[in-house]
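Undergrad: need coordinates for the below:
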Amino acid sequence: MSTRRDVLMALALTGAGTRVCAQAAVARKRVGLLAGSTAGERADFERAFLAAMAERGWVAGKTIEIERVYSDGHNERLPELAKELVRRGVDVIVTGGSPTTIAAARATDSIPIVFSSALWPVEQGLVHSFARPGRNVTGVAITDVDVVAKRLQYLREAAPSATRLSWIWPDFLFSLDHLAGGRVDLTALLRQAAQRAGFEVRFHALRSGQDVLALSESIGAWKAQAVTAFGEDSQVKSIIALALRNKLPSAFPAREHVEWGGLLAYGARGINDALMARYAAGYVDRVLSGAKVADLPVGFPTAFELTINLQTARELALTIPGSILLAAEAIR
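TA: Alright, predicted model coming up:
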């Protein structure tokens, strides 16, 4: 969507990191952290978040109190945990991706909510648009359909004879909760992105912990000529091995996937928990300082990178176009 490309993360964070609150004049605020993981898995994010907040004058135990709730991987607990934060009277709730944000938004339509890594916030009804969220929810999104479409376009250019695409993603990414209830089927959007790149597509849903070999038969039956995938690290490594065995060009969202042997990757540069935590802190600082959440644009990465594995290209007998080589960082 064009509005997404027009909204820069820098705009959403203007002034963040340069303003320090006047501690003597500000009552202690309560910040709720809602996570679907364990405390240990969220440790890097929390450490970076608290450090970034302290830089802005919001020091845990002095000017802010931190209320933590973790579901330990049990998403069914998130709605009650979100309500618990509301009962504790927090001034803002910080969430991660879609499941935690949906739970928080259903628990309150008045307490500000800042998400740190949402995937499809418009499609899920969390915000009206990237430029004008319009509700009590805003934050940082890490991908959209335009980025996915660009990744597939690069794959098509790298392997122009491939037209049948197997799309392997975690099952929850194909169908997401909507704030108003029900589910959002994203396959129509994704199919359009594939068709624009010249691919006929078949989707393969991957469950958490599932052995990728279980998908090999359906991929073979489909007679796939290319693969795009995402999942747990172990699953992605297995998908890469499967693609190489079957001489299938592959596309992924992150550089490390290419370092593991995938053909190419296109996605936001340098995204990690620590970086997203710092961006989230910028939003929380502005909210606690009086900014209206509905008017804070959703942030979006402004730097993207294309990476290509030339060794994999040689194994697949592909001649990579010069236009891609000029745009990409090559791994030999």
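Undergrad: please make it C-alpha for all contacts and neighbour counts, starting now.
TA: Fine.
Undergrad: how far away is Ala330 from Lys29?
TA: 48 Å (Cα to Cα, to the nearest Å).
Undergrad: more neighbours: which of those two?
TA: Lys29 (19 against 16; other Cα atoms under 10 Å).
Undergrad: find the nearest non-adjacent residue to the more buried one, please.
TA: Spatially, and ignoring its direct neighbours in sequence, Lys29 is nearest to Ile64 (4.6 Å; Cα to Cα, 6 or more residues apart in numbering).
Undergrad: which strand residues bridge that neighbour?
TA: Lys29, Ala60 (DSSP bridges).
Undergrad: count of residues packed around it?
TA: Quick note: Ile64 (other Cα under 10 Å) scores 21 neighbours.
Undergrad: can you give me the helices for this protein?
TA: Shown for the chain, the helices assigned by DSSP state H span residues 2-6, 9-12, 43-55, 78-87, 98-107, 145-158, 171-174, 187-196, 213-222, 233-245, 255-259, 273-288, 310-315, 322-327.
Undergrad: can I get these in a markdown table with mean pLDDT, distance to Val114 and mean neighbour count?
TA: Listed next are those as a markdown table, based on pLDDT from 0 to 100; distance: least, Cα to Cα, whole Å; neighbours: other Cα atoms under 10 Å:
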| stretch | mean pLDDT | distance to Val114 | mean neighbour count |
| --- | --- | --- | --- |
| helix 2-6 | 44 | 18 | 13 |
| helix 9-12 | 45 | 12 | 18 |
| helix 43-55 | 97 | 12 | 19 |
| helix 78-87 | 98 | 13 | 19 |
| helix 98-107 | 96 | 8 | 24 |
| helix 145-158 | 95 | 22 | 20 |
| helix 171-174 | 85 | 21 | 17 |
| helix 187-196 | 94 | 26 | 16 |
| helix 213-222 | 89 | 36 | 13 |
| helix 233-245 | 95 | 27 | 18 |
| helix 255-259 | 95 | 27 | 20 |
| helix 273-288 | 95 | 7 | 23 |
| helix 310-315 | 97 | 40 | 17 |
| helix 322-327 | 94 | 34 | 12 |
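Undergrad: pipe those helices into TSV and attach distance to Ala294 per row.
TA: TSV is the format used below for the helices of the chain (distance: least, Cα to Cα, whole Å):
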stretch	distance to Ala294
helix 2-6	16
helix 9-12	12
helix 43-55	21
helix 78-87	19
helix 98-107	13
helix 145-158	23
helix 171-174	26
helix 187-196	26
helix 213-222	43
helix 233-245	36
helix 255-259	34
helix 273-288	10
helix 310-315	46
helix 322-327	37
